[in-house]
Structures are given as C-alpha cells and as structure tokens.
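# One predicted model, sequence on top.
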Amino acid sequence: MPEVIGVIPRPHVCEPLDEAPFQVTSSTAIVVRPTPEEIALAVVAADLLSSGAGSPVEIRYVDDGTAGVIALRLSPDGSPADDERYMLTVTATRIVIDAPRRTGLVHGLATLRQLLRPVGAGADRRLVAPAVHIEDEPRYRWRGLSVDVARHFFGLAELKVLVTLLTRYKLNVLHLHLTDDQGWRLQVPSRPLLTELSGASAVGGDPGGFLRTAEYVELVAYAAARGVTVVPEIDIPGHVNAALHAYGELSPSGQPTDVYTGIDVGFSRLSADLPATEAFLRDVFTDVAALTPGAYVHIGGDEVTQMSAEEYARLVGIAADSVHAAGRRVVGWQEIASVPLSPGSVVQVWDHRLDPTDVIAAVRAGARVLLSPGPHAYLDMKYDASTALGLEWAGHIELRDAYEWEPSTFLTGVPAGAIEGVEAAVWTETIRSLDELTTMLLPRLAALAEVAWSAPEDRDWADFRARVAQHGAVWDRAGFAWYASPQVDWVPSLA
C-alpha cells in the first residue's frame with residue numbers, strides 16, 4: 001500500500017481504494033453537528049488543516065452530502081472499551097471519520113494529518129490524501145511520554161508543542177516529573193515557597209522556572225482538547241532537596257538545605273517522624289489533585305537509598321492516602337510495589353536491573369503495570385557512543401531497540417492483561433532546549449507509539465522502517481529537530 005505507507009502507528013485495517021486522492025482546496029469544509037463537544041473538536045481540526053493548507057477551513061453544522069467536505073461523525077455506540085476506536089474513509093470527494101467517542105475522532109484526525117501531504121508549489125500548492133479505508137483501535141489504554149521538567153525546565157509554550165507531537169502519534173498521556181532535587185516546577189497554593197525559593201534553580205546553574213497555577217490549568221485543558229491527559233508527578237520520599245530547601249522544617253536539622261545543581265541521586269529524603277512531614281504531603285497532594293481533573297496522580301517513590309522499609313512504607317502510604325482522598329488513582333515508580341497498594345494502582349516499571357518479585361506480588365493483589373523499561377523506553381539514553389546528549393546507564397538505544405520489544409512478555413510472571421500500557425521517558429540532566437529534547441525523542445518516540453498502539457501481528461521492523469522514513473520531511477516542515485538514524489533510508493521530501 002504505497003499511498004499510505006507513512007501512517008504511524010500502523011492501523012489495524014488499512015485498505016487502499018481505487019479512486020483519485022482527496023484534495024483540500026479553498027472550498028473544503030469541516031462538517032460536525034452543533035454540539036459543544038463536536039464544535040470544539042472542529043475548531044482543533046480546522047486549525048490543523050488551515051495551517052497545512054495555507055488558508056482558513058470553514059466549519060459547517062449540516063451535512064447535505066456536498067462534495068469536498070471532511071465529516072466528523074460521533075456515533076455513541078459500543079462499550080467504554082471502544083472509546084478510542086475510529087473508522088476513516090477517504091474518497092476522491094469526501095473524507096468521513098466515524099467514532100463512538102470524541103477521543104476516537106481525535107485519533108482519526110491524527111491519521112488524516114499523516115495521510116495529507118503537500119503537492120505542487122507556490123500558488124499551486126495543496127494538500128492531498130490517498131483514497132483509503134482505515135479501521136483502528138489501540139492495544140493499550142495508556143500510551144505516554146514522561147518528561148522531566150525538574151532538572152531543566154520547559155515551560156507552557158514548549159509543553160504545548162510536545163502535546164501536539166503526542167497527538168500526531170496517538171499518544172494520550174503527558175506525565176510531568178515536576179519536582180526533584182534541582183527544582184520545584186509547579187506552583188502549589190498551600191506551599192508558595194516551593195516555587196518562590198526552589199523554582200529558579202536547575203542543573204549546572206542554568207535558569208530554572210515553574211508553571212504558575214493558571215499556566216498548569218491551561219496546559220491541562222489544552223492537552224485534554226487534543227486527547228491527552230496530563231499526569232503530574234510529585235516525587236517523594238526521595239528526590240526532595242528542592243522541598244527541603246524551601247521548607248527547613250522538613251529537614252531533621254530544621255534548617256533549609258542548600259540549592260543543588262548536580263545530577264547525583266539518592267542523597268535527599270523526607271523524615272516520617274518530623275511533625276511537618278505528614279501535613280506537607282497531604283497539603284501538596286491535595287492541591288495537585290485539585291488542579292488535575294484526570295484520574296491519576298504520580299507519587300514517585302524511586303531511588304530511595306537511605307531509608308528503612310518501614311519508614312518508606314509510612315511516607316508512601318501518606319501520599320497514596322492523600323491521592324485516594326482526592327478521588328484520584330495512584331501511580332508510582334516500581335519501588336512502590338513493596339508497599340501495600342489499592343487495587344487499580346499503577347506501578348511503573350523502569351529499572352530492568354531490579355528484582356521484579358514485588359511487582360509480581362502487587363499485580364496479584366490488583367495493581368496494574370505501566371512499562372517504561374530503560375533499555376527500550378528511556379529516550380534520554382544516547383543513540384550510540386558518539387551522541388552528544390544523553391546518558392548511558394541503560395545502554396545505547398537506537399531506533400530498532402526502541403521498536404523491537406514485546407510488552408506482553410517483558411516481565412515474566414506478569415500476565416498480559418495486567419499491563420496498563422507503555423510510556424517513554426526522557427530525563428533532562430543533559431537536555432536544555434526544545435531542539436535538544438525533540439532530537440532525543442525523534443524518531444524513537446514514533447517507535448514507542450507503535451509498540452503501545454499496534455497489535456503484535458501488525459508490527460514489523462522492516463515495514464516500520466519504510467514508513468518512518470517519510471516522517472523526517474514532515475518533522476522538517478514542522479520545525480522539529482530530529483536524529484537521522486542510519487538504520488533508516490530517509491526520504492528527503494514528500495512533495
């Protein structure tokens with residue numbers, strides 16, 4: 001199917017039609033019903049198409065069968081499990097996207113965006129899409145990217161760019177690592193000193209920054225309109241030097257710690273017996289949950305090297321109780337599996353070197369597993385020894401390494417049905433700019449997106465390699481910096 005070879009993730013059903021391609025012209029319109037939900041999506045779609053076509057795209061609210069329209073049809077049938085399913089049909093005269101829920105329409109638009117390609121130049125430039133019928137739905141419910149904004153800060157404008165990138169590849173979770181030893185990046189109403197005193201620092205003495213409450217709320221809404229849920233992470237009971245610097249009462253000495261701008265881990269911790277600790281945890285997690293309408297709040301829990309198991313369990317338990325009291329589900333790094341968890345809690349597996357016994361036991365007690373294995377999903381790892389950015393503790397990750405692994409068999413003893421999803425992660429010890437960030441993400445994020453979305457029988461390295469080869473030109477047009485992996489014969493232009 002050469003006309004649609006560029007679609008990533010690979011659709012479950014993709015059938016070329018024997019027709020001429022659809023052409024977006026100055027008279028092309030988007031058609032939806034006049035409901036608030038569909039109108040909001042039409043505005044997003046019109047913005048997407050207008051930027052590609054170079055002229056405004058009209059929105060209409062009555063489908064009278066006229067040619068030259070893109071019809072978005074919300075057909076609320078099926079079960080909740082069908083929330084992300086969609087059907088897309090492109091003919092020479094019309095494009096129709098059908099889905100039982102709004103999220104499915106968002107995914108259908110993402111596929112359409114990949115099908116559309118520019119032809120011609122100057123005044124003759126236009127967008128065309130090949131005639132095709134696609135039926136598609138994701139393998140996993142959670143398909144995410146975790147971004148460390150604590151070591152180096154990325155603000156609202158940059159995070160919005162990342163949201164649009166996630167939407168392109170049908171990733172639906174933006175997990176923000178908001179706190180660490182080097183800085184605190186979210187304004188918390190009950191503890192204003194966290195950002196007033198610990199918002200300005202970053203690794204290497206670089207400029208810091210933080211999201212004001214209104215900016216965070218704006219980001220959450222912007223992401224939701226594009227089918228992406230924001231999951232905030234407040235990392236405790238380690239990785240807390242920024243908190244100890246802002247509030248000295250959290251330190252055994254009663255004195256604030258110094259600002260930290262290095263990249264070592266494991267040296268900072270909360271203390272369960274201090275009077276200020278429990279109130280701090282309850283206030284912070286209550287505030288964060290109140291700002292976050294999504295179902296999840298991440299409590300961290302990783303790399304705590306100087307604490308007894310009993311104290312660790314007490315502190316994680318306080319954080320988890322606070323999240324539950326706010327009506328949210330707990331997510332944490334795999335170390336929290338050592339603590340009794342409520343059914344439905346999500347354990348994020350990241351370190352292939354750790355004994356999985358606690359994770360397996362947590363799953364048997366009702367926990368879910370989110371897979372972010374370092375050797376495949378940590379996209380701050382260098383591509384090879386010559387890569388200027390990144391770290392190497394999990395090895396080098398070339399494009400094929402990010403693509404060729406199977407989530408259902410990654411952890412022996414964890415049944416396939418217990419896997420909530422797959423999440424890429426990028427840590428920013430060495431990453432300072434959006435260009436550096438996208439260079440580490442692309443093309444590997446596209447590979448992880450297909451691992452998370454497409455069924456095993458729909459995935460093949462040679463096929464993916466041919467499809468992703470067309471995306472370099474797309475990233476160039478979008479202004480993204482990216483890494484030209486030598487494992488791919490990149491296509492210089494789609495025109």
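Okay, I see it. Numbering: from 1, shown residues only.

# separation between the closest residue to Asp136 other than its chain neighbours and Pro373?
With Cβ to Cβ, 6 or more residues apart in numbering as the criterion, Asp136 has its nearest non-adjacent residue at 4.2 Å, and that residue is Pro11. C-betas here are computed from N, CA, C, even on glycine. Per Cβ to Cβ, to the nearest Å, Pro11 is found 26 Å from Pro373.

# more crowded one of the two?
Pro11 (22 against 18; other Cβ atoms under 10 Å).

# pretty sure the more buried one is touching His133, no?
No. If you go by Cβ atoms under 8 Å, Pro11 and His133 don't touch, sitting 9.8 Å apart.

# Quick one: mean pLDDT for stretch 433-453?
The average pLDDT for stretch 433-453 rounds to 98.

# quick one: buried residues of that stretch?
Buried residues in stretch 433-453, counted by 16 or more other Cβ atoms under 10 Å: 434, 436-453.

# Stretch 17-29 too?
21-24, 28-29.

# for these, which one is nearest Arg85?
Lowest distance from Arg85 to the buried residues of stretch 17-29 (Cβ to Cβ) belongs to Phe22, with 22.3 Å.

# And the closest one, what's its pLDDT?
pLDDT at Phe22 comes out at 95.

# What residues does it make contact with?
By Cβ atoms under 8 Å, 6 or more residues apart in numbering, the contact set of Phe22 is 90-95, 128-129, 131.

# Does the residue of the chain most remote from its centre belong to a helix, a strand or coil?
Checked against the mean C-alpha position of the chain, the extreme residue using Cα atoms, centre = their mean is Ser253, at a distance of 38.9 Å. Three-state assignment for Ser253 (DSSP: H, G, I helix; E, B strand; the rest coil): coil.

# I'd like to know how far it sits from Gly6.
Distance, Ser253 to Gly6, by Cβ to Cβ: 58 Å.

# now swap in Pro373 and tell me
27 Å.

# How about Ala40?
If you go by Cβ to Cβ, the gap between Ala40 and Gly6 works out to 28 Å.

# Comparing the two, which residue is more hemmed in?
For the pair Ala40 and Gly6, the greater number of neighbours falls to Gly6 (20 against 14), based on other Cβ under 10 Å.

# count of residues packed around the nearest residue to the more buried one once chain neighbours are set aside?
Spatial nearest neighbour of Gly6, excluding adjacent residues (Cβ to Cβ, 6+ apart): Gln470 at 4.0 Å. Neighbour count for Gln470, taken as other Cβ under 10 Å: 19.

# Tell me if I'm right that Gln470 and Leu115 touch.
No. Assessed by Cβ under 8 Å, Gln470 is found out of contact with Leu115, at 11.2 Å.

# any common contacting residues for the two?
Gly6.

# for the closest residue to Leu186 other than its chain neighbours, what are its contacts?
Closest residue to Leu186 apart from its sequence neighbours, by Cβ to Cβ, 6+ apart: Leu178 at 4.7 Å. Counting by Cβ under 8 Å, 6+ apart, Leu178 makes contact with 149-150, 184-186, 211, 232-234.

# export those to TSV and tack on secondary structure and distance to Pro293?
Compiled in TSV, the contacts of Leu178 are given as follows (DSSP: H, G, I helix; E, B strand; the rest coil; distance: Cβ to Cβ, whole Å):
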residue	secondary structure	distance to Pro293
Val149	coil	20
Ala150	coil	23
Trp184	strand	22
Arg185	coil	19
Leu186	strand	15
Leu211	strand	16
Pro232	strand	11
Glu233	strand	16
Ile234	strand	17
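
# Columns neighbour count, pLDDT and distance to Thr428 on top of the residues you listed, output as TSV?
Shown next, in TSV, are those (neighbours: other Cβ atoms under 10 Å; pLDDT from 0 to 100; distance: Cβ to Cβ, whole Å):
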residue	neighbour count	pLDDT	distance to Thr428
Val149	25	98	7
Ala150	29	98	8
Trp184	30	98	15
Arg185	29	98	11
Leu186	26	98	16
Leu211	25	98	15
Pro232	26	98	17
Glu233	29	98	14
Ile234	26	98	17
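
# quick one: the residue nearest to Val451 when sequence neighbours are not counted and Glu450, what's the gap?
Of all residues not flanking Val451 in the chain, Val422 sits nearest, at 5.7 Å (Cβ to Cβ, 6+ apart). Going from Val422 to Glu450 by Cβ to Cβ gives 10 Å.

# you'd agree Ser342 is in a strand?
No. Counting by three-state DSSP, Ser342 is not found in a strand; it is coil.

# In this model His324 seems to touch it, though I could be wrong.
Yes. Under the criterion of Cβ under 8 Å, Ser342 makes contact with His324 at 6.4 Å.
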